[in-house]
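Colleague: coords below, sequence missing:
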Ligand SMILES: Cc1ncc(COP(=O)(O)O)c(C=O)c1O
């Protein structure tokens, strides 16, 4: 008789964004005239830029001709894209990463969820609290979480690193040493960033203790200040302890196109095994490669015209971020993030819970955001607004909130 993976049954309710969508749909159905502005889910709204569209069109044309048609892509990615990534994202920043240490994928959600598969079930994981929920849920599915305590909102076998106002929304080095440490900077949901010196402490800690850092840099394109590292490989020693995840979703607007990559330096060796070869085996067995057409679009992101255009996209969203941040602050709200990240982290007013504030904004202001408590217990009393909306609608939403 077939048996299910019981770990899946431990997962807590539905995924955060499905719950939000259900609430918004129910409100919309009951109030069809309501002009709802969505600053909730971190999805982009601007179209792909001309250079990327051009690359997509010409790759499509190649597929129509027998002499340029492509079938299965190489499992780990086309060399043209892996080289463009290595040159532009790493070598140009002084990071020693080779093209064959880059694994092209369909995005950072899959990679951040799948990466745990190459680690044993008995690894102890540490996550920031609040956190991008995928890291926790995929470890629950894999049987690493232990049991859930509804009173604290925590899993018994997961180490939580609270990122609160007191810690400047940054994690502190845990007393109990984890085997795997998930870090995400610039951070989703809080928009916090880490300096190079502070990140270096994590790299040193991991190397000293034999831990592996899974570093999610999906929002690196939003960094505007100097001294904020774009890659963990800017830190000395990261080649022996850090895996980096990247995405084309938020820098180039590929949320619906799907493209990302994972970097695993060949120097990371665990129990005499190179993680690079384990991930290559995993990727090659379970994944048949991102589509040629999409990888050509990814390559275009690194062309001179592409770089200029995507800078324009990022600037558009960061103008929204500044508008949200400055106006809420001027109105007396406690806000952070929004400077090196497209997320604004807002303390809910009058001690409201995150979900009460969600309901209030939805029903009274017709604005949708994301309750901080959905990202972990330390997110309670906070609320996330994204800068990914249309500029005019963002202004309208902020004006409604401040009124
Ligand atoms: C921290 C973080 N990592 C990864 C992702 C997923 O990126 P992708 O669209 O490449 O799957 C997101 C998306 O919101 C994210 O916030």
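Modeller: All right, it came through fine. No experiment lies behind these values; they were computed from the predicted model shown.

Colleague: which parts of the stretch 151-300 of the chain sit against the ligand?
Modeller: Applying CB under 6 Å from any ligand atom, one finds that the stretch 151-300 of the chain approaches the ligand through 184, 188, 216, 218, 247, 249, 255, 260. (Each C-beta comes from the backbone N, C-alpha and C, glycine too.)

Colleague: what about 8 Å?
Modeller: 184, 187-189, 216, 218-219, 245, 247-250, 254-255, 258-260 (CB under 8 Å from any ligand atom).

Colleague: among the residues you listed, which are in helices?
Modeller: 249-250 (DSSP state H).

Colleague: Is any residue of the lengthiest helix in the chain near the ligand?
Modeller: Counting by DSSP H, the longest helix found in the chain is helix 304-330. No: Helix 304-330 stays clear of the ligand (CB under 8 Å from any ligand atom), getting no nearer than 13.3 Å.

Colleague: so which helix or strand takes in residue 193?
Modeller: Counting by DSSP states H and E, there is no helix or strand that carries residue 193.

Colleague: Report the contact partners of residue 343.
Modeller: Residues in contact with residue 343 (CB atoms under 8 Å, 6 or more residues apart in numbering) are 42, 186-191, 321, 337, 384-387.

Colleague: same thing but at 7 Å, please
Modeller: With contact taken as CB atoms under 7 Å, 6 or more residues apart in numbering, residue 343 is in contact with 188-191, 337, 384, 386.

Colleague: Could you do residue 170 as well?
Modeller: Here residue 170 is in contact with 163, 192, 194, 198 (criterion: CB under 7 Å, 6+ apart).

Colleague: before we move on, back to that, now the element after the longest helix of the chain, going C-ward?
Modeller: That would be, after helix 304-330 and using DSSP H and E, strand 335-337.

Colleague: what's next to that following strand, contact-wise?
Modeller: 169, 190-192, 325, 328-329, 343-346.

Colleague: what comes up buried for stretch 132-144?
Modeller: Buried positions in stretch 132-144, judged by neighbour count with 16 or more other CB atoms under 10 Å: 132-142, 144.

Colleague: where exactly do the helices run in this structure?
Modeller: Counting by DSSP H, the helices of the chain are 6-9, 16-30, 50-63, 79-85, 108-114, 133-141, 196-209, 249-252, 275-286, 292-301, 304-330, 354-360, 391-402.

Colleague: just to revisit the earlier point, would you mark the buried spots in the longest helix of the chain?
Modeller: Buried residues in helix 304-330 (16+ other CB under 10 Å): 306, 309-310, 313-314, 316-318, 320-321, 323-325, 327-328.

Colleague: ditto for stretch 147-164
Modeller: In stretch 147-164, counting by 16+ other CB under 10 Å, buried: 148, 153-155, 157-161, 163.

Colleague: Likewise for stretch 265-280?
Modeller: Neighbour count says stretch 265-280 has 265, 268, 270, 275-276, 278-280 buried, by 16+ other CB under 10 Å.

Colleague: Endpoints of that stretch, how far apart?
Modeller: 12 Å (CA to CA, to the nearest Å).

Colleague: cool, and stretch 70-81?
Modeller: Chord length of stretch 70-81, first to last residue, is 15 Å (CA to CA).

Colleague: Off-centre distance for the helix or strand of the chain with the lowest mean pLDDT?
Modeller: The helix or strand with the lowest mean pLDDT-type score in the chain, counting by mean pLDDT, DSSP states H and E, is helix 16-30 (a mean of 92). Centre-to-centre, helix 16-30 and its host chain are 23 Å apart (CA atoms, centre = their mean, to the nearest Å).

Colleague: Below-threshold pLDDT in the protein: ranges please.
Modeller: For the chain, the stretches with pLDDT under 70 are 14-15.

Colleague: Could you break it into its assigned domains?
Modeller: Using automatic domain parsing, the domain parsing of the chain gives 6-46+305-402, 53-303.

Colleague: thinking again about what came up before, from the buried residues of stretch 265-280, which two are the most distant?
Modeller: Within the buried residues of stretch 265-280, 270 and 280 form the most distant pair, 14.7 Å apart (CB to CB).

Colleague: Quick check: residues of the stretch 1-150 of the chain near the ligand?
Modeller: Checking the stretch 1-150 of the chain against the ligand by CB under 8 Å from any ligand atom, the hits are 41-43, 106-112, 132, 134.

Colleague: ChimeraX command to pick out the buried ones of the residues you listed?
Modeller: To isolate the buried ones among those in ChimeraX, judged by 16+ other CB under 10 Å, type:
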select :41,42,106,107,108,109,110,111,112,132,134
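
Colleague: Quick check: the farthest pair among the residues of the stretch 1-150 of the chain next to the ligand?
Modeller: Distance extremes for these: the farthest pair is 41 and 111 at 19.4 Å, using CB to CB.
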